[in-house]
Structure formats: structure tokens, C-alpha cells
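>>> this one's structure only:
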Ligand code: ZN
Ligand code: ZN
């Protein structure tokens, strides 16, 4: 046994922890900055990442409200943050593909790598997956423990703090757009409903992966202006008249609609924009998709869901980001400004995605 004076000193770090749910998001301090023990390498596939940036996302608001509690039952307090990027700080003996100092982005799920789903490459289906920031301590901290299967070395053009939100939000948009792009041929058309954080990434991905006509629909004039600035020329106001306008623009409807709102009446609007053989991609959620089965048969329509994305898709997205073919707007906050960042997100006062920088 070690004598007291030989015991290793436990280092501490700053971390953002959720201590109490707030379903109305009213408290000024929704989360606390705490001193917690710094994570250390314990197993041979462990990777400790020094956080360069951690994205704040609407999912964090749902977590703070307590909406996820019934699904994951995670005891409080714990560290939030599931969109993480930084530099490798320390690795276990078995880690070969990254070394201390490498810039990395972290896939949001820690997976076992041995189940049939992992072997098919579908990380998100892993029955033994852990989701740091939701089910375990996350990356709103100085250091973050993960596994070698989750880390992707960044191309030299990319800075961790500039890419962190791709780890979840960006990846979700990428997977959805990539699915759509695989079926979109020249002469076809696709609607992106909602040109916000995820929609604007999906639009750029589609532009790079397929030759279909891209139509942006949003209820906000500001979002449509941003879309035009990004070079999208077919921009239409959202709302009840949008489906009719789309059908006029593309005789008998479009081949795909990607719904980044997924609330209230948007599922119905999106379905009514489709032509025969069309596909409705559901990314945003909260509403109900209700379609008469006869409509699915008669027009041979498809409804497709999307759950984040796999490791390979995150690698592909980093390649597009390094080539500047997909660009992300971010606003950075220090770790101790986290409550300010959360309230800016709630108030809709954020430009792009918020990133916490320790
Ligand atoms: Zn997220
Ligand atoms: Zn697995």
C-alpha cells in the first residue's frame, strides 16, 4: 500500500454540471461550474481529450428541462456536452491511430465494436452504446474521457473549436442529406424545410453530393436571406401556402422533402409537396406523422427517419469541412459563460451554433 505522501495527487478540472432540472428554463444559473476530478486513462482503449470546443445544442435544453430523464434516468449531477472536439491528451497502451497532441473530433456514441450493428458500421444502433453528455459525463469540461473507436483525427485545416458542433448536429444533417443525395439525380428536386443550424448544413451537403435542384423553405425572412447569401437561389416563404408554391414551381411536386422542423403541421405540409415515388425525410421532431395508407400506396411514398450518423459519415463530413465545401457559423463562449450561452440559445439570440471553449 502507498504511504500517504506517495499517493498520486488527484488533479481537478472545471466542468459544467446539471444539478437540477428546470422545465421552464427560467433559472439564471441553469447549470453550475464545479471542480471535479480530472479523468485518467484506466483501460487500454481509453483516450483522454483536452477539450478545444464543445457545442451547445437544443438537446441540452431538453436535458435541462428533464425531457430525457424518463428515457435515460441519469442521476444528477453530471457533466453535459455531447458535441466534443479537442486534442488527444493521454491514451491507453492499445490506442494506435491517435497520439497525444493530435486534433480530434469525437463521435457522440461510445460503442463496443463487436455487436452485429457495430460490425455493419451502424454505430448508433449499438445496443451497448453510451452517449456522454446524456447518459454519462460529457465534454463541457477541460478534459473528456472517451474510447479510441470514437475519435477521428482532424485534417490539419480544421480547428477543434470550429468543428465541435458537427459531432452531433452537423452529423445528423449530413446523414439525412447523404441518404437523400443517393437517390437525387439531375432533373430531380428536393425541398429543405427549415434553414437553421441543421438545415443549412444539409443544404450545403446536398449541393456537394448531388445535382438535384435545391429549394429552401423557411418561415423566417432572415433565414431565407442567409440561404441566398449561401448561394441558394430557390428560396420560398414557409407556412400553409408553401406546399402549393412548391407544386407550382416543380410541376406535380418534388422528389424529396427534408423536414428540419418536424413540428405541428410541417409533416403534413411536407407530405403534400411530394410527387409520386417521393420521400419524406424526418430530422426535426416533436410533431406527429400521420398519413393515410392509401396515399402511401397510390403515390408510392416513403417516410424515412434519421438518427445522428455513424463514424464513417463523420469522417466524410470532416473531409467536406476541410475543403470548405461545408461551412459552419459558430459563436464561442468561455466555459464560465455557459449560462449566458444557454440563455442566448433560448432567446434565439445566437448566430450559428454556440461553442464552449475551456
Ligand atoms: Zn447535439
Ligand atoms: Zn456495438
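Great, that's in hand. What you are looking at is a predicted structure, and each value in this text was computed from that prediction instead of being measured. Residues are numbered from 1 along each chain as shown. Ligands and ions are numbered 1, 2, ... in the order given.
>>> Would you mind naming what in the stretch 101-250 of the chain lies close to ligand 2?
Within the stretch 101-250 of the chain, the positions adjacent to ligand 2 are 111, 112, 115, 118, 126 by Cβ under 5 Å from the ion. C-beta here means a position set from N, CA and C on the backbone, and glycine is covered the same way.
>>> Please flag which of those sit within helices.
residue 118 (DSSP state H).
>>> Which of the residues of the stretch 101-250 of the chain next to ligand 2 are buried, as a PyMOL select command?
Per 16 or more other Cβ atoms under 10 Å, the buried members of those correspond to this PyMOL selection:
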select buried, resi 111+118+126
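>>> Now for the residues of the stretch 101-250 of the chain next to ligand 2: which two are most distant?
The span of those, defined through Cβ to Cβ, is set by 111 and 115 at 7.9 Å.
>>> picking that back up, which single one of the residues of the stretch 101-250 of the chain next to ligand 2 is nearest to residue 329?
Of those, the one sitting nearest to residue 329 (Cβ to Cβ) turns out to be residue 111, at 30.2 Å.
>>> Just give the closest residue to that closest one, not the sequence neighbours.
residue 126 (4.0 Å; Cβ to Cβ, 6 or more residues apart in numbering).
>>> wait, what's in contact with the one you found?
Counting by Cβ atoms under 8 Å, 6 or more residues apart in numbering, residue 126 makes contact with 109, 111, 112, 115, 117, 118.
>>> try residue 255
Here residue 255 is in contact with 183, 184, 188, 189, 190, 212, 274, 275, 277, 278, 279 (criterion: Cβ under 8 Å, 6+ apart).
>>> Just say helix, strand or coil for it.
State at residue 255, reduced to three classes by DSSP: H, G, I helix; E, B strand; the rest coil: strand.
>>> separation between it and residue 23?
As judged by Cβ to Cβ, to the nearest Å, residue 255 and residue 23 stand 40 Å apart.
>>> For the chain, what lies in contact range of ligand 1?
57, 59, 168, 169.
>>> Just put those residues in JSON lines and tack on distance to residue 37.
Shown next, in JSON lines, are those (distance: Cβ to Cβ, whole Å):
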{"residue": "57", "distance to residue 37": "26"}
{"residue": "59", "distance to residue 37": "26"}
{"residue": "168", "distance to residue 37": "26"}
{"residue": "169", "distance to residue 37": "29"}
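>>> just checking, which of these belong to helices?
Per DSSP H, the subset of the residues of the chain next to ligand 1 in helices is 59, 169.
>>> okay, and the common contacts of residue 111 and residue 115?
Common neighbours of residue 111 and residue 115, using Cβ under 8 Å, 6+ apart, are 126, 128.
>>> for residue 336, what are its contacts?
By Cβ under 8 Å, 6+ apart, the contact set of residue 336 is 14, 33.
>>> Apply 7 Å and report the result again.
residue 33 (Cβ atoms under 7 Å, 6 or more residues apart in numbering).
>>> need the next SSE after the helix or strand bottoming out on mean pLDDT in the chain, C-terminal direction.
Lowest by mean pLDDT, DSSP states H and E among the helices and strands of the chain is helix 69-72, with a mean of 83. Using DSSP states H and E, the next helix or strand after helix 69-72 towards the C-terminus is strand 78-79.
>>> Remind me what that following strand packs against, helices and strands.
Packing partners of strand 78-79 (3 or more Cβ pairs under 7 Å, 6 or more residues apart in numbering; DSSP states H and E): strand 12-18.
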